[in-house]
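1. Just need the structure, nothing else, for what follows:
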Amino acid sequence: MTVVVIGAGPTGLAAATLLAQYGVECSVLERWPSIYPRPRAVHLDDEVYRILARLGIGEQFARISRPALGLRLLDPNLRVLAEFRRETHRGRHGFPAANMFDQPELERLLRANLERRGVTVRGGAEVTGLEQDSEAVTVRFLDTATGVASAIRADYVLGCDGANSLTRSMIGVNMRDLRFAQRWLVIDLATDAELDHWEGVHQVCDSRRAATFMRIGASRYRWEFQLRPGENADGEDIADWVFDLTAPWTRDVARDRLTLVRAAEYTFRAQIAERWRERRIFLLGDAAHLTPPFIGQGMGAGLRDAMNLTWKLAGVLRGEFPERLLDSYQAERKPHARAMIRMAKLVGSAMTRGGRTGTALRAVIVPRLGWTPGISKLVLSSQTPALRRSDLVWSTVLRGGLAGTLSPNAPVTDEGHRLDDVADGRFVLVLSAEPTAAEQAEIVRRGARLVIAQPGTELRSWLDSGRARAAAVRPDGTVLCAGRNPAAALAALPAFGATTRPTGPASSSPPLRSMTG
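-> Okay, the predicted model is just below:
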């Protein structure tokens, strides 16, 4: 069983790590000789933090990230129109809902974690060809340092090679334009001075010069400015321009105390691949979708791709799933990614478009948003849409049902263990009452975990919210099915020890009971 991952950004590294956890041999090919040094993504939510914890770097990520306090909407003169403040404590997934970080630091953590699992990233490897037959894919690549050509035979290939994906081009897949393109200047500064700003995201709502500002580290700050027609970031006076643009935030800090880490022009686009699979080759991350940055979900979408696909791929490679179940990857993830892109487009347009009229309307409307009941909760919510029906998401007849949603990573023991800790990459059956001895034996036979959601606990409240007494939860935390009939949820579990990690065989221990509220 061999999988080749093309691209060693966060998506590729996450996919390789998850596959390694399931005992699947991986080769990772990356055209850059080492970690790409420029900062790019700076935000992830608690759903994605949960994936990082699953990868084994949750504690390390906590040391390089800082929770964000929420969102401020500002007028062109930087006056606060509305503030949406969020708490920084752990939410339903066990982590803060918004987190700022430096992408190269995260990639270093991901690479070191992958290497501990015996997988090495092969840098300076430029893929030159992909050839599929009925049994495997031949991946041809060139060592850019030596010029030596090599090839690997793989059962499957995951194209995680970014917006300009060669994998996507080689399999003849086009990107569908979702009609959004804006040019922005992205600036990162470092300083030992304290800028003394509120530590949330600041969004300047201005049709002439929309902007975003946020603190991303102890000494690092990020600005993004919408470029006007005719402006570009290629001039020799770029440093002067950068310091002029950021002066309203840096104020009296001496210029020699400000270090320009990066200033680069980006075109923010909204696009989605027409197909995410070509037989044995899959597209993940920016190779499959491009999301404008206004809701901070671009990188997170790629990690969600990896989380969705890898356990299915492992099950197929081990003969536990029929190969057709791999079609559920696109069926589930493509509509979800499209929904997030549409949301980002809507937010971006609301903050940046409309000319002078739009700016004037925002000055009147936005302050009222902060006073409107329910708006703050909606703005700050990190919950994403439910996955569409598939072979691995069973529809429910109840509106507001749990099928396709992400289960909460709720506490299940007084020692602080959460649902993901006890699931350990397996299916979990969550029940509101004790199973019979025969049912418990059947759960063990199927290689699943059993958790009893006790009254008064977060897990029980979650079941009750979906009017369910039982839920079958997949290895990626998504609810396969839920309802009033525990026998039906039990029957939904695979009839074998599906996707059991090699380091953790199916347990015959007593069921865990959610003891912590």
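
2. Count the neighbours of residue 408 for me.
-> With neighbours defined by other Cβ atoms under 10 Å, the count for residue 408 comes to 19. Just so you know, the C-beta spots here come from the backbone N, C-alpha and C atoms, and that holds for glycine as well.

3. For the stretch 1-150 of the chain, just list every one of the strands.
-> All strands of the stretch 1-150 of the chain, identified by DSSP state E, counting those that start in this stretch, fall at 2-6, 25-30, 43-45, 66-67, 70-74, 80-85, 98-100, 121-123, 125-132, 137-143, 149-154.

4. separation between residue 419 and residue 312?
-> 20 Å (Cβ to Cβ, to the nearest Å).

5. do residue 424 as well
-> Applying Cβ to Cβ to residue 424 and residue 312 gives a distance of 17 Å.

6. Tell me which of these two has more neighbours.
-> Legend: neighbour count by other Cβ under 10 Å for residue 424 and residue 312, higher for residue 312 (25 against 16).

7. residues contacting that one?
-> 321, 325-326, 328-329, 392 (Cβ atoms under 8 Å, 6 or more residues apart in numbering).

8. and the angle for the host helix or strand of it with strand 25-30?
-> Assigned by DSSP states H and E, residue 312 belongs to helix 298-317. Orientation check (axes from the mean of the first three to the mean of the last three Cα atoms, to 10 degrees): helix 298-317 against strand 25-30 gives 150 degrees.

9. Spell out, range by range, the helices that occur in the stretch 51-200 of the chain.
-> 58-64, 103-116, 166-170 (DSSP state H, counting those that start in this stretch).

10. so where is this structure shaky, pLDDT-wise?
-> Within the chain, the stretches with pLDDT under 70 are 39, 235-236, 370-371, 373-380, 396-400, 496-517.

11. elements contacting the longest helix seen in it?
-> Secondary structure of the chain per DSSP state H: the longest helix is helix 328-352. Contact here means 3 or more Cβ pairs under 8 Å, 6 or more residues apart in numbering; DSSP states H and E; on that basis helix 328-352 packs against strand 175-191, strand 258-273, strand 289-290, helix 298-317.

12. Please identify the most buried of those.
-> Comparing those by mean neighbour count (mean count of other Cβ atoms under 10 Å), strand 289-290 ranks first with a mean of 26.

13. Does residue 334 touch residue 272 like I think?
-> Yes - look at residue 334 against residue 272 with Cβ atoms under 8 Å: they come within range, at 6.9 Å.

14. residues shared between the contacts of the two?
-> Shared contacts of residue 334 and residue 272, counting by Cβ under 8 Å, 6+ apart, come down to 288-289.

15. How about the residue nearest the centre of the chain, nearest residue that isn't a chain neighbour?
-> For the chain, the residue nearest the mean C-alpha position is residue 300 (2.0 Å; Cα atoms, centre = their mean). Nearest non-adjacent residue to residue 300, counting by Cβ to Cβ, 6 or more residues apart in numbering: residue 48, 4.0 Å away.

16. Just give me the neighbour total for the one you found.
-> The burial count for residue 48: 26, using other Cβ under 10 Å.

17. That one touches residue 304, doesn't it?
-> Yes - taking contacts as Cβ under 8 Å, residue 48 lies within contact range of residue 304: 7.2 Å.

18. Buried residues, stretch 353-369. List them.
-> By 16 or more other Cβ atoms under 10 Å, the buried positions in stretch 353-369 come out as 358-359, 362, 366, 369.

19. Sorry, slip of the keys, the one I care about is stretch 472-492.
-> For stretch 472-492, by 16+ other Cβ under 10 Å, it's 472-483, 486, 489-490, 492.

20. quick one: which of the residues you listed sit in strands?
-> 472-473, 479-483 (DSSP state E).

21. In the sheet, which residues pair with residue 30? Tell me.
-> When bridges are called by DSSP bridges, residue 30 pairs up with residue 123.
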